[in-house]
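Asks: below are the sequence and a predicted model; questions follow.
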Amino acid sequence: MAEPARARPKPTPETQHYWDGAKAGELRLQRCDDCSNVYFPPRPFCPSCASRKVSVFQASGKGFLYSYVINHRPAAPGFTPPYAIAVVELDEGPRLMSSIIDCPQTPEALELDMKLEVAFEKLDDTITLPVFRPAKG
Amino acid sequence: MRRNAVAVVGAAETTELGVIPNMSQIQLHADAALNAIKDAGLKLSDIDGIATAVETPQQIAHYLGITPTWVDGTSVGGCSFMLHVRHAAAAIEAGLCKTVLITHAESGKSMIGKLPRSMPADSLQGQFEAPYGVYGPPSMFPIPVLRYMKTHGITHEQIASVAVFQREWAAKNPRAMMKAPITVDDVLNSKMIAYPFRILQCCLVTDGGGALILTSADRAKDFPNKPVYILGTGESVETPMVSQMKTFDSSGAFTVAGPTAFREAGIAHKDVDHLMIYDAFAHLPLYGLGDLGFMPHEETGKFIADGNTRPGGKLPMNTNGGGLSYMHSGMYGMYALQESVRQMRGIAPAQVPGAKISVCHGVGGMFAASGTVIFTNEK
Ligand SMILES: [Zn+2]
């Protein structure tokens, strides 16, 4: 039997812009045109004021390490343990789950509140994942 | 809802708990239901309301041969049964039904007739969490805990003490899966699962089930066992995505469900004699103590580590041994409710002497949902 494959996101009409952005090397968020709320995950209305007038914009890609685990077992298909599963808080406000690359996957290296910047990991021809690495400088 | 208008008049777990390779999941539901019906001295035909989670009410109603006039299939994870109690109490008060059966069972270990749990690749979780290597509750539920510890000044040793003291309670329970004493060092040196949590800070994986029967308090005195009244209840949901909780310093769903139940019950925290806080993982009792308002979050770790919740402590908590040591078939809320009912009946293996008020607080998903039920044995 074949090894189970790594989980791959399947975009929906409401999230396509996010995945198109990742493929183009952009982290895209949405902002409400009425109340300025910035939110994630994607949806075509503002979860704060219910306005349907919302815009997609390119986020700074900067944030900090909000929390994480280092998963040892069981490992998800396609992952080699131990690996960190992190939650990143973006400078624009929203948080998202991500991986931390270019960093030892250890409690000593993964310091809460460390500055991070977005990077992009190509999974295949259609899906590129936003991931994060320790910020330079 | 009126205080003490509805009572639990039947309560039972499956005949066996632990590893049950000779029963499918639906039969475990039936085993628990038949035990609860016998406990209440009822016939199947007396049941006119049915509630269950994961399995559908139609599945359980048909299998048992019940024709209900009220059903509830609320399925929000392991606290679904707390919500069922709340909804059933409201339905009985409203006259929609007279006698409600709530069942839970899961072939969590043996996996016989167990329904698949899947996360579609085009769901929000499938798009924005699964691709980063989350794989089952142990990789997800502990994600908030490092932030909680940093914000509130909680230590690894304090969280490890949750497992140590619950093992002390489990040792008093003949049906508990794990009874051998453990130390904080044992916990902190056990096999790493998802840092910072090790295997002794993660729930067991077992087979089992439980069932409750509720009716109006006016009828409750005619039943063979001591009625256990529903004094207050609360419920809420926050998000199915642990990464999208408003904060990791607290649970949004807990802070709605718990205080709602306390207000409804009209009690103060000092009135609580017995406490159950669903412990799928060792940090949950800390979140619960803080979010239910027993103390500021900064004090929860020290409160537990100082022994206040262990046998003989001033706030006995998770007296069956909890999901960490008693049993955990996947949706533990039913077992927490069963232990609260035993304590209120005065028949628990580790009985808290003279306990009159029991608070039973549940979680569903990874802080996704919450339900709280406050019981009393005095009308
Ligand atoms: Zn808005």
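Replies: It's in. Numbers count the residues shown, from 1 in each chain, chains lettered A, B, ... in the order given.

Asks: now do the strands in chain A.
Replies: Taking DSSP state E as the criterion, chain A carries its strands at A:28-32, A:38-39, A:54-58, A:62-71, A:83-90, A:95-98, A:115-122, A:128-134.

Asks: possible to save those strands as JSON lines with mean pLDDT and distance to B:G346?
Replies: For the C-beta atoms, the positions are set from N, CA and C on the backbone; glycine is no exception. Compiled in JSON lines, these are given as follows (pLDDT from 0 to 100; distance: least, C-beta to C-beta, whole Å):
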{"stretch": "strand A:28-32", "mean pLDDT": "98", "distance to B:G346": "56"}
{"stretch": "strand A:38-39", "mean pLDDT": "98", "distance to B:G346": "51"}
{"stretch": "strand A:54-58", "mean pLDDT": "98", "distance to B:G346": "58"}
{"stretch": "strand A:62-71", "mean pLDDT": "98", "distance to B:G346": "41"}
{"stretch": "strand A:83-90", "mean pLDDT": "98", "distance to B:G346": "45"}
{"stretch": "strand A:95-98", "mean pLDDT": "98", "distance to B:G346": "46"}
{"stretch": "strand A:115-122", "mean pLDDT": "98", "distance to B:G346": "55"}
{"stretch": "strand A:128-134", "mean pLDDT": "98", "distance to B:G346": "55"}
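
Asks: make JSON lines out of those strands and add mean neighbour count and distance to chain B.
Replies: Shown next, in JSON lines, are those (neighbours: other C-beta atoms under 10 Å in any protein chain shown; distance: least, C-beta to the nearest C-beta, whole Å):
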{"stretch": "strand A:28-32", "mean neighbour count": "21", "distance to chain B": "13"}
{"stretch": "strand A:38-39", "mean neighbour count": "18", "distance to chain B": "10"}
{"stretch": "strand A:54-58", "mean neighbour count": "14", "distance to chain B": "16"}
{"stretch": "strand A:62-71", "mean neighbour count": "24", "distance to chain B": "4"}
{"stretch": "strand A:83-90", "mean neighbour count": "23", "distance to chain B": "5"}
{"stretch": "strand A:95-98", "mean neighbour count": "24", "distance to chain B": "4"}
{"stretch": "strand A:115-122", "mean neighbour count": "17", "distance to chain B": "9"}
{"stretch": "strand A:128-134", "mean neighbour count": "20", "distance to chain B": "6"}
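
Asks: and of these, who's closest to the ion?
Replies: strand A:28-32 (3.1 Å; C-beta to the ion).

Asks: elements contacting the closest one?
Replies: Packed against strand A:28-32 by the contact rule (3 or more C-beta pairs under 8 Å, 6 or more residues apart in numbering or on different chains; DSSP states H and E) you find helix A:16-23, strand A:38-39, strand A:54-58.

Asks: just give me the neighbour total for the closest residue to B:S24 other than its chain neighbours.
Replies: Counting by C-beta to C-beta, 6 or more residues apart in numbering or on different chains, B:G113 is the residue found nearest to B:S24 once chain neighbours are left out, at 3.4 Å. For B:G113, the count of nearby residues is 14 (other C-beta atoms under 10 Å in any protein chain shown).

Asks: over to the one 3 residues further on?
Replies: A total of 4 residues lie near B:P116 under the criterion other C-beta under 10 Å.

Asks: now swap in B:A89 and tell me
Replies: Here the number of neighbours of B:A89 (other C-beta under 10 Å) works out to 25.

Asks: make sure I have this right: it is in a helix.
Replies: Yes. Counting by DSSP: H, G, I helix; E, B strand; the rest coil, B:A89 is part of a helix.

Asks: check contacts around it.
Replies: Counting by C-beta atoms under 8 Å, 6 or more residues apart in numbering or on different chains, B:A89 makes contact with B:1, B:5-6, B:214, B:230, B:233.

Asks: list the contacts for residue 50?
Replies: Picking chain A for this. Applying C-beta under 8 Å, 6+ apart to A:A50 gives no contacts.

Asks: oops, wrong one, chain B.
Replies: Counting by C-beta under 8 Å, 6+ apart, B:I50 touches B:57, B:60-61, B:66, B:68, B:70-72, B:100-103.

Asks: what is the most widely separated pair among those residues?
Replies: Spatial extent of those (C-beta to C-beta) is set by the pair B:W70 and B:T103 at 14.5 Å.

Asks: between the two, which is the more surrounded one?
Replies: Taking neighbours as other C-beta under 10 Å, B:W70 and B:T103 compare with B:T103 leading, 30 against 19.

Asks: per-residue pLDDT, that one?
Replies: Model confidence at B:T103, given as pLDDT, is 98.

Asks: how many residues are close by residue 42?
Replies: If you meant another chain, say so; for now it's chain A. Quick note: A:P42 (other C-beta under 10 Å) scores 22 neighbours.

Asks: the intended chain is chain B.
Replies: If we define neighbours as other C-beta under 10 Å, then B:L42 has 19 of them.

Asks: with that, I have no additional questions.
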